[in-house]
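*Asks:* have a look at this prediction, sequence included:
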Amino acid sequence: MNVYDSSRMADILRPLGYAQVDEPNDADMMILNTCHIREKATDKVFSEIGRLKKHKEAKEAKGEKMLMAVAGCVAQAEGDFILQRAPVIDMIFGPQTYHELPEMVLKANGNERVVNTEFPTVTKFDSLPEEQNQGAAAFLSIQEGCDKFCTFCVVPYTRGAEYSRPVDKIVDEAKRLVDQGAKEITLLGQNVNAYHGTNIDGKTWGLGRLIEAVAGVNGVQQIRYTTSHPRDVDQELIDAHRDVEKLAPFLHLPVQSGSDKILKAMNRKHTAERFYEIVADLRSARPDLVFSSDFIVGFPGETDQDHEDTMQLIRDVGFASAYSFKYSARPGTPAANMTNLVREDVKAARLLELQNLVTEQYLEFNLASVGKTMSVLFERKGRKEGQLQGRTPFYQAINVPANERLLGEFVDVKVTEATANALVGEVQMVENNIKQA
C-alpha cells in the first residue's frame, strides 16, 4: 500500500514541476512515507530524519530551499510528537490527506509548518490525478481502512474506517493501467476482501465479483489481491478462485496464531478450526492454490501450548511463504495495556522455531517446482548481467538468463534450481515469446 501511495504522491506533485530523483543530494523535497506496523517505527523515522537532514542543511546554506516531509501512518499516529522533536520537518501528513499536497506545499514554501492528520469527509480517491505508468505489474487500490480492531493493530487508528471505491472507478483505472502497459494487476486494501463497493446500478459488489470484472478488462493477464482477513472470505470469493482463470493461485491470508485463546485475545473473531475450513474450501475450489500468512509470536498470555498450537497449524496447512514477528506493543492499542507478558528470550526462541519450520516448507515447495514450466512476468533486470527477475504464478521470486526484450512480458520458464528464497529458470520457446512481445 505504501508503494502505491508513494507513486500517487509523485503523480500529484508532477504538475507542480516535481520529478522523482534517485538521490537526495540536490532534491527540492524529501518525503519519508512511513508504516507503523513494525516495531520501533517512530524511532526509525527519527533516525532517518537525522540521516537526511544534512542534505536540507547543505542546500539551505547555499540560500536554496528544500522541503522535508513525513507522511503515512507514523505521521498520522505521532504527528505532534514529530513536529516537536524534529524542527527540520516542514510537513507532516497522514495517508488520507496526500491528495491535498499542492496546498500543503504552498503553505510550506511560505515558511508555514504544516500538520495534516485529519480524516477528510471527501475521499482522497476523488481528488487524485490519473496515475502514471507503473510498468507491467501494477497496483490498484480498491479499499482502505479497517473496522476489525484487532487488539495489537494500529491500522484502524491510522488509516481510518473501511472505505471501498466504486466499481466503475476501479474498472476504469484498470483499463488505464493496461493502456500504460500493465499486464498484472494487484488489487490492494488493508482489508481487501472486505471490499463492498457500489456499482453504477446502485448494487453493492464484493471482491469476488469485482475480480471477475477486472478479469474482463481486455489486456489484463493476471490478477492478485492483498491483504485479506479470514472473516471476510465468502463463497463468492471462493468461487472466483475456482472460476477466474486469470486469478493467480496464491493467497496471503494472515492467521496470526493457531491458538483459539490467543485469537480471542487478539480479537480476531475467528477460530483455528474456521481457518482450517476456509483453507479446505479454497483448496477444493482451486487445488493448486498456495498460501502465505502472518504470525505473531509471544502475544501477551501466550503459553508453550498456545505456541505449539500455532506450530501444528503451520504443519497442517503448509505455507509457501510467511511473515512472522515477535509481538511488540503499539501505543494506543488495547494489547499495549495487557499483562502476563512473554519474556523476550522466550519470544526469540519461539520465533526461531517457527521460522525454521516455515523455511523448511518454503524449500520443500520450491524444490517441488524444479522441472516445471510456468508463466513468469519479467518485472526488472536481475542483479547479474544478462539476467531478468520475475515471479511465478505462486509468487515465487525467479531469476532467469534472458534478453532485455522480454522485460514486461509473460514468458514460459522452466525451473532448473531452487533454494528456500528463490528459483532459477530458463526461458522456453524463446522465438514465440519474442514474436508475442
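*Replies:* In hand now; what should we look at? In this text the structure is predicted, and so the values were computed from the model without any measurement.

*Asks:* contacts only, for the closest residue to Gly318 other than its chain neighbours.
*Replies:* Counting by Cβ to Cβ, 6 or more residues apart in numbering, Gly318 lies nearest to Gln361, which is 5.7 Å off, once chain neighbours are set aside. Just so you know, the C-beta spots here come from the backbone N, C-alpha and C atoms, and that holds for glycine as well. Going by Cβ atoms under 8 Å, 6 or more residues apart in numbering, Gln361 touches 314, 318-320.

*Asks:* go on, Asp243?
*Replies:* By Cβ under 8 Å, 6+ apart, the contact list for Asp243 reads Glu212.

*Asks:* any idea how far it is from Tyr18?
*Replies:* Computed as Cβ to Cβ, to the nearest Å, the Asp243 to Tyr18 distance reads 44 Å.

*Asks:* next: Tyr395.
*Replies:* Using Cβ to Cβ, Tyr395 is found at 33 Å from Tyr18.

*Asks:* ditto for Ile398
*Replies:* For Ile398, the distance to Tyr18 - Cβ to Cβ - is 35 Å.

*Asks:* neighbour count winner among those two?
*Replies:* Applying other Cβ atoms under 10 Å to Ile398 and Tyr18 shows that Ile398 carries more neighbours, namely 24 against 17.

*Asks:* now that one. Nearest residue, chain neighbours left out?
*Replies:* Excluding the flanking residues, the one nearest Ile398 by Cβ to Cβ, 6+ apart is Leu423, at 4.1 Å.

*Asks:* next: Gln221.
*Replies:* Using Cβ to Cβ, 6+ apart and skipping residues adjacent in sequence, the residue nearest Gln221 is Lys183, 4.6 Å away.

*Asks:* which positions within the host helix or strand of Lys414 qualify as buried?
*Replies:* Assigned by DSSP states H and E, Lys414 belongs to strand 410-418. Within strand 410-418, the residues scored as buried using 16 or more other Cβ atoms under 10 Å are 410-411, 413, 415, 418.

*Asks:* can I get these in JSON lines including distance to Ala329?
*Replies:* JSON lines is the format used below for these (distance: Cβ to Cβ, whole Å):
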{"residue": "Phe410", "distance to Ala329": "44"}
{"residue": "Val411", "distance to Ala329": "46"}
{"residue": "Val413", "distance to Ala329": "44"}
{"residue": "Val415", "distance to Ala329": "42"}
{"residue": "Ala418", "distance to Ala329": "38"}
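
*Asks:* export these to TSV and tack on pLDDT and distance to Gly72?
*Replies:* Shown next, in TSV, are the buried residues of strand 410-418 (pLDDT from 0 to 100; distance: Cβ to Cβ, whole Å):
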residue	pLDDT	distance to Gly72
Phe410	96	33
Val411	96	35
Val413	97	36
Val415	98	37
Ala418	97	36
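
*Asks:* below-threshold pLDDT in the stretch 101-250 of the chain: ranges please.
*Replies:* Within the stretch 101-250 of the chain, the stretches with pLDDT under 70 are 120-132.
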